[in-house]
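In: I would like the atomic coordinates for the input below:
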Amino acid sequence: MKTGILTIIVLLTFLSSIGQETKKPDTIYANEKMNLALFFPTNIRQGIVGANNFVFSYNRERAQPLGLLKATKGKESNLLVVTTDGKVYSYIIKYADSLKEMNRFVFFSESIGHEHQRESLVIRDTIKLDSSLVVHKQYSKAFLEKSSKAILKRPERKNIIKRKEGMSLAIKNMVYFEDLVFMQFEIKNESGIDFDIDYLKVALAIGNEKRRASYQSVPLKPQYVHEMPKTIKHGQTSRFVYVITKFTLGDNEKLELRLKELKGNRELVLRRKL
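Out: Reported below is the predicted structural model:
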C-alpha cells in the first residue's frame, strides 16, 4: 500500500512538472455492470486510479495493450496510464448508470507526454521546434538534423565503452523524443592505423552468441544518421548520432553494437544492458 501511494505521489509530481505542456484530459465513464475496454496503442506498463470506487485492471505478468475499467457510484477521479514505450495518458473518470461505449481505442495523439519529457523539452527549446514539421512516426530531415546537432552540443551523460587494439567505441548520450531515440556515439582511434568504417550496426541481442542455438539478434535500423565519418584516422576522435525508433529492453535482452572495418579484420562488439 505504501509503495502504491509513493508511486502516485511520484507520478503526480511528474505531471505537475510538465503541466503547461499537457492537454485537458478527456472524460471516460464506467460502472459496475459492464467492463469498459481500453485498447492502448502499445502495451500497458502501469495503470493507477485515484479513488477506490474505480478499478483499472490489466495484465501485470505479460504486458498487453488492453485495460478494463469498472466503477461503483462515488465521486469522479482520474486514471493515469504509462505504456511500455514511455507514453503517459491521463483521463478524468466518472460513474454513469449507462455507457455510450464499451470499447475505446486510444490513439497516440491522446498522450499527454513522455516519461522522459524533460529530455524532450530540452530538444524542443534548443532547436525551437515548429510542430508543423513533425508528423507522427514521420519526421522531416530538417527536424532530425537540427535535433542531432543539439544532441552533439549537450553534456555527455553516458560512457558505455568497448576498447580493442587501440580502437574504442562508446555511447555518450541517449535522448528520447516521442517515438525516437537519439543515440550519440564516439569512435576513437589510437591504433596507429587509419580505420575505414564498413558499418556500425545496432541490434537487440538475446542469449549468448557462442551458443548459437540460444542467440538471437534483432536489428534496429536507423532512420537517420548524422555526421558519421567514413574514416577515423589515427589520433582522431569522431562523434555522431543515430536516430532509431524507440525500443525497450526485455529482461534477457542487451543492446548490441557492431563496428566493422572495411577491407580489414578489425571489429568491435559492444553488448550491454543499459
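
In: What segments of the stretch 1-150 of the chain are helices?
Out: Assigned by DSSP state H, counting those that start in this stretch, the helices in the stretch 1-150 of the chain fall at 2-17, 117-127, 141-153.

In: Spatially nearest residue to residue 100 (excluding sequence neighbours)?
Out: Leaving aside its sequence neighbours, residue 100 sits nearest to residue 29 (Cβ to Cβ, 6 or more residues apart in numbering; 7.3 Å). C-beta: built from backbone N, CA, C; applies to glycine.

In: My guess is the one you found contacts residue 102. True?
Out: No - using Cβ atoms under 8 Å, residue 29 is not in contact with residue 102, being 10.6 Å away.

In: Residues that sit against both of these two, list them.
Out: residue 36 (Cβ atoms under 8 Å, 6 or more residues apart in numbering).

In: More neighbours: these two, which one.
Out: Neighbour totals were compared for residue 29 and residue 102, and residue 29 leads with 18 against 10 (other Cβ atoms under 10 Å).

In: need the contact list for the residue nearest to residue 156 when sequence neighbours are not counted.
Out: Nearest in space to residue 156, with sequence neighbours left out and distances taken as Cβ to Cβ, 6+ apart, is residue 172 at 4.3 Å. Taking Cβ under 8 Å, 6+ apart, we find residue 172 in contact with 156, 157, 158, 159, 184, 185, 186, 239.

In: Likewise for residue 230?
Out: 196, 197.

In: can you list the domain ranges for the chain.
Out: 2-115, 118-272 (automatic domain parsing).

In: Can you convert the ones you listed into CSV and add a column each for mean pLDDT?
Out: Output for those, formatted as CSV (pLDDT from 0 to 100):
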stretch, mean pLDDT
domain 2-115, 81
domain 118-272, 83
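
In: coming back round to it: and the gap between the residue nearest to residue 156 and residue 270?
Out: 12 Å (Cβ to Cβ, to the nearest Å).

In: Same question for residue 34.
Out: Residue 34 is 51 Å from residue 270, by Cβ to Cβ.

In: For the closest residue to residue 89 other than its chain neighbours, which residues are in contact?
Out: Counting by Cβ to Cβ, 6+ apart, residue 89 lies nearest to residue 81, which is 4.5 Å off, once chain neighbours are set aside. When contacts are counted by Cβ under 8 Å, 6+ apart, residue 81 touches 38, 40, 44, 46, 47, 48, 56, 67, 88, 89, 90.

In: Name the nearest residue to the fourth one, ignoring sequence neighbours.
Out: It stands for residue 46. In space, residue 46 is closest to residue 82, 4.6 Å off (Cβ to Cβ, 6+ apart).

In: show me the contacts for that neighbour.
Out: If you count contacts by Cβ under 8 Å, 6+ apart, then residue 82 has 11, 44, 45, 46, 47, 88, 89, 115 around it.

In: Out of those residues, who's the most crowded?
Out: Busiest of those [other Cβ under 10 Å] is residue 89, holding 24 neighbours.

In: ok, it touching residue 67?
Out: No - Residue 89 is beyond contact range of residue 67, at 10.0 Å (criterion: Cβ under 8 Å).

In: what is in contact with those two at once?
Out: 40, 81.

In: Give me the buried stretch members for stretch 185-192, please.
Out: Going by neighbour count (16 or more other Cβ atoms under 10 Å), the buried part of stretch 185-192 is 185, 186, 187, 188, 189, 191.

In: Other residues contacting it?
Out: Contacts of stretch 185-192 (Cβ under 8 Å, 6+ apart): 165-172, 195, 197, 200, 229, 232-242, 257, 259, 266.

In: List the residues that contact the residue nearest the centre of the chain.
Out: By Cα atoms, centre = their mean, the chain has its centre lying nearest to residue 246, at 4.5 Å. For residue 246, the contact set (Cβ under 8 Å, 6+ apart) comprises 85, 86, 176, 178, 179, 180, 181.
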